[in-house]
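Enquirer: Below is the structure, and that's it, no one-letter string:
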């Protein structure tokens with residue numbers, strides 16, 4: 001089926017292109033208005049299996065031709081009249097294919113065109129040469145036979161087309177509505193074209209999906225093959241994954257290891273890169289030295305109250321208790337503030353309780369002359385609905401939020417906590433319970449990926465001995481420590497299986513750039 005698309009500025013220009021390509025016998029499949037003009041889908045009449053034996057018959061039978069369109073029907077009747085009148089084909093031009101030849105909507109057919117043809121027939125009879133010897137047609141006979149036959153055929157053709165569109169009469173002025181409606185044979189061909197087009201679209205979408213899946217798998221296979229060829233990269237990759245680093249970050253760093261490095265050089269390079277990307281404040285810029293107003297936040301049980309007491313004790317030893325203010329807003333749990341008050345009595349520092357945001361602001365104004373003010377907040381889980389209430393109760397213009405994260409928690413839990421508490425780049429965090437963590441790789445990985453700033457480390461229950469300033473190289477050294485084999489360990493054959501799901505995360509925006517990854 002040779003279907004071609006024609007586009008013109010208006011309906012006349014588009015139809016002229018159709019006639020130039022396929023002649024007056026072209027089959028119009030569809031037409032529609034597009035930005036800038038009219039679009040027509042057409043094909044040669046030879047592609048439609050329409051029987052035309054009836055067209056060559058000379059009888060003047062009024063048998064309906066259901067396989068012909070209305071335009072073809074009009075042409076056949078014109079040829080028959082020309083043959084009966086004895087005119088030559090050169091003197092009887094065939095009406096050109098006109099757009100808008102559909103009868104008006106509704107069951108009744110306008111008889112005005114037929115009446116005009118009656119008058120035209122009478123004029124032709126008067127103008128016939130006498131030498132032809134053919135008896136002219138009687139007007140009465142023409143009206144009785146031809147008009148009745150044409151009206152009946154037009155009604156049958158209209159019924160074959162189906163119910164006309166309700167808005168056709170109202171939209172006659174629209175160029176897109178001036179095209180001739182397709183006959184049943186042409187409508188069937190148009191349906192076949194539409195079904196083929198929809199099938200091609202679905203097939204194209206499936207091919208694109210398959211191509212993306214194959215490309216991703218080939219990329220992962222190629223990357224794993226390159227890693228397997230380097231024993232150093234394979235060893236470092238297994239080391240990072242075994243110590244709790246995310247597959248995406250592990251692949252990102254391992255892919256930048258210089259290929260000519262020995263094992264010792266590769267170890268030093270990896271430790272240096274991790275240390276460079278882990279942000280830790282110096283002693284001169286620590287909370288104890290710098291001071292400020294800090295609210296310690298985090299889920300229940302991460303050690304906020306104990307960490308507050310440790311920081312307060314170290315500050316009181318260096319700068320005196322008079323420069324320190326302690327506030328608790330944890331009024332939900334029974335005896336929640338008793339622990340902090342016990343530490344306050346040891347340090348000879350009063351602990352104040354704020355029941356709402358207004359009282360908290362009053363206390364902050366009261367402590368405006370204090371160098372360091374620590375606020376112990378209520379523990380709210382990362383999935384608790386009260387988390388938004390906690391954020392609204394802490395004015396950000398006066399309070400710096402300090403997130404306490406549990407180093408012994410699962411990597412997925414740490415990720416949820418950071419996202420729920422809105423910790424972004426350069427947000428201050430305190431790593432607690434480092435002594436309870438079997439692997440410190442997850443918390444180091446979290447701090448590197450989110451570019452968090454580690455302000456301190458708590459690794460025990462003693463106050464204030466178990467509070468330390470953050471040291472990036474010490475955290476990295478502990479995170480890369482070789483560990484004995486356990487039931488959770490894996491071998492090299494399982495490495496590709498574990499990393500296949502993370503093949504597309506390497507080099508994402510959450511990871512350090514290639515330049516930042518080189519020591």
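Expert: Yep, it's here. Note that the structure is a prediction, hence the values are computed from the model and not measured.

Enquirer: When you work out contacts or count neighbours from here on, use the C-alpha atoms and nothing else.
Expert: Noted.

Enquirer: From the opening residue of stretch 325-341 to its closing one, how far?
Expert: Start-to-end span of stretch 325-341 (C-alpha to C-alpha, to the nearest Å) is 12 Å.

Enquirer: Spell out the secondary structure type for residue 30.
Expert: Of the three states, residue 30 takes strand according to DSSP: H, G, I helix; E, B strand; the rest coil.

Enquirer: ok, it touching residue 40?
Expert: Yes - assessed by C-alpha atoms under 8 Å, residue 30 is found in contact with residue 40 at 5.8 Å.

Enquirer: Looking at these two, which one has more neighbours?
Expert: A direct count of neighbours by other C-alpha atoms under 10 Å for residue 30 and residue 40 places residue 40 higher, at 22 against 18.

Enquirer: Quick check: neighbours of the particular helix or strand that has the more buried one in it in the sheet, parallel or antiparallel?
Expert: For residue 40, the host element (DSSP states H and E) is strand 37-43. Each strand paired with strand 37-43, and its direction, by DSSP bridges: strand 4-8 (antiparallel), strand 27-34 (antiparallel).

Enquirer: Among those strands, pick out the one with the most neighbours on average.
Expert: Greatest average neighbour count among these goes to strand 27-34 (a mean of 20), per mean count of other C-alpha atoms under 10 Å.

Enquirer: Is there a neighbour count for residue 255? I'd like the number.
Expert: Residue 255 has 18 nearby residues by other C-alpha under 10 Å.

Enquirer: Also residue 250?
Expert: Number of residues near residue 250 (other C-alpha under 10 Å) recorded here: 20.

Enquirer: That one touches residue 237, doesn't it?
Expert: Yes - in terms of C-alpha under 8 Å, residue 250 counts as a neighbour of residue 237; the distance is 6.1 Å.

Enquirer: For the stretch 251-400 of the chain, give me the ranges with low pLDDT.
Expert: Applying pLDDT under 70 to the stretch 251-400 of the chain flags residues 331-337, 384, 386, 396.

Enquirer: in it, which spans are strands?
Expert: 279-280, 292-297, 324-328, 351-353, 372-376, 400-406 (DSSP state E, counting those that start in this stretch).

Enquirer: What is the burial count for residue 443?
Expert: Neighbours of residue 443 under the rule other C-alpha under 10 Å: 26.

Enquirer: do residue 20 as well
Expert: 11.

Enquirer: cool, the one 4 residues further on as well?
Expert: Applying the criterion other C-alpha under 10 Å, we find 18 residues in the vicinity of residue 24.

Enquirer: how close does residue 341 get to residue 294?
Expert: Distance of residue 341 to residue 294, computed by C-alpha to C-alpha: 18 Å.

Enquirer: Apologies, that question was intended for residue 430.
Expert: Applying C-alpha to C-alpha, the value for residue 430 to residue 294 is 12 Å.

Enquirer: Residue 468 now?
Expert: Residue 468 is 17 Å from residue 294, by C-alpha to C-alpha.

Enquirer: More neighbours: which of those two?
Expert: Neighbour comparison, residue 468 and residue 294: the larger count goes to residue 294, with 20 against 16 (by other C-alpha under 10 Å).

Enquirer: if I read this right, that one contacts residue 373, doesn't it?
Expert: Yes - between residue 294 and residue 373 there is a contact at 6.3 Å, judged by C-alpha under 8 Å.

Enquirer: Pull up the overlap in contacts between the two.
Expert: Common contact partners of residue 294 and residue 373 (C-alpha atoms under 8 Å, 6 or more residues apart in numbering): none.

Enquirer: measure residue 461 to residue 308 for me?
Expert: Distance, residue 461 to residue 308, using C-alpha to C-alpha: 12 Å.

Enquirer: Domain map for the protein?
Expert: Domains of the chain are assigned by automatic domain parsing as 50-182, 278-481.

Enquirer: measure the longest one end to end?
Expert: According to C-alpha to C-alpha, domain 278-481 extends 17 Å from its N-terminal end residue to its C-terminal end residue.

Enquirer: Repeat that for stretch 22-42.
Expert: Stretch 22-42 has its terminal residues 8 Å apart, counting by C-alpha to C-alpha.

Enquirer: related to what we said a few turns ago, can you list the residues that contact the strand holding residue 40?
Expert: The contact list for strand 37-43 (C-alpha under 8 Å, 6+ apart) reads 1-11, 14, 18, 22, 26-33, 175-176.

Enquirer: cutoff 7 Å now
Expert: With C-alpha atoms under 7 Å, 6 or more residues apart in numbering as the test, strand 37-43 has contacts from 2-11, 14, 26-33, 176.

Enquirer: Now do the same for it: mean pLDDT, whole number.
Expert: Taken as a whole, strand 37-43 has a mean pLDDT of 87.

Enquirer: Specify the beta-bridge partners of the nearest residue to residue 5 once chain neighbours are set aside.
Expert: Counting by C-alpha to C-alpha, 6 or more residues apart in numbering, residue 5 lies nearest to residue 41, which is 4.7 Å off, once chain neighbours are set aside. Beta bridges link residue 41 to residue 5, residue 30, judged by DSSP bridges.

Enquirer: how far away is residue 41 from residue 34?
Expert: Separation of residue 41 from residue 34 (C-alpha to C-alpha) stands at 13 Å.

Enquirer: State the distance spanning the first to the last residue of stretch 394-414.
Expert: So stretch 394-414: terminal residues 22 Å apart, C-alpha to C-alpha.

Enquirer: same check, this time on stretch 354-372
Expert: Criterion C-alpha to C-alpha; first-to-last residue distance in stretch 354-372 is 17 Å.

Enquirer: I would like the residues contacting that stretch, please.
Expert: Outside stretch 354-372, the residues that touch it by C-alpha under 7 Å, 6+ apart are 291-293, 323-325, 327-329, 331, 393-394.

Enquirer: Could you point out the helix or strand that follows the helix or strand containing residue 445?
Expert: Per DSSP H and E, residue 445 falls inside helix 441-449. Remark: after helix 441-449, the chain's next helix or strand is strand 453-458, criterion DSSP H and E.

Enquirer: Tell me which strands that following strand pairs with, and in which orientation.
Expert: Here, using DSSP bridges, strand 453-458 pairs with strand 279-280 (parallel), strand 428-432 (parallel), strand 467-468 (antiparallel).

Enquirer: Flag every buried residue along the very next helix or strand once past the strand holding residue 40.
Expert: Sequence-wise, the next helix or strand downstream of strand 37-43 (DSSP H and E) is helix 70-85. Neighbour-count burial for helix 70-85 flags 70-71, 73, 75-77, 79-82, 85 (criterion: 16 or more other C-alpha atoms under 10 Å).

Enquirer: which other helices and strands contact helix 70-85?
Expert: For helix 70-85, there is no helix or strand it packs on, judged by 3 or more C-alpha pairs under 7 Å, 6 or more residues apart in numbering; DSSP states H and E.

Enquirer: And for stretch 478-486, what's in contact with it?
Expert: Under the criterion C-alpha under 7 Å, 6+ apart, residues 243, 439-441 lie in contact with stretch 478-486.

Enquirer: first vs last residue of it, how far apart are they?
Expert: Stretch 478-486 has an end-to-end distance of 18 Å (C-alpha to C-alpha).

Enquirer: Alright, that wraps it up for me.
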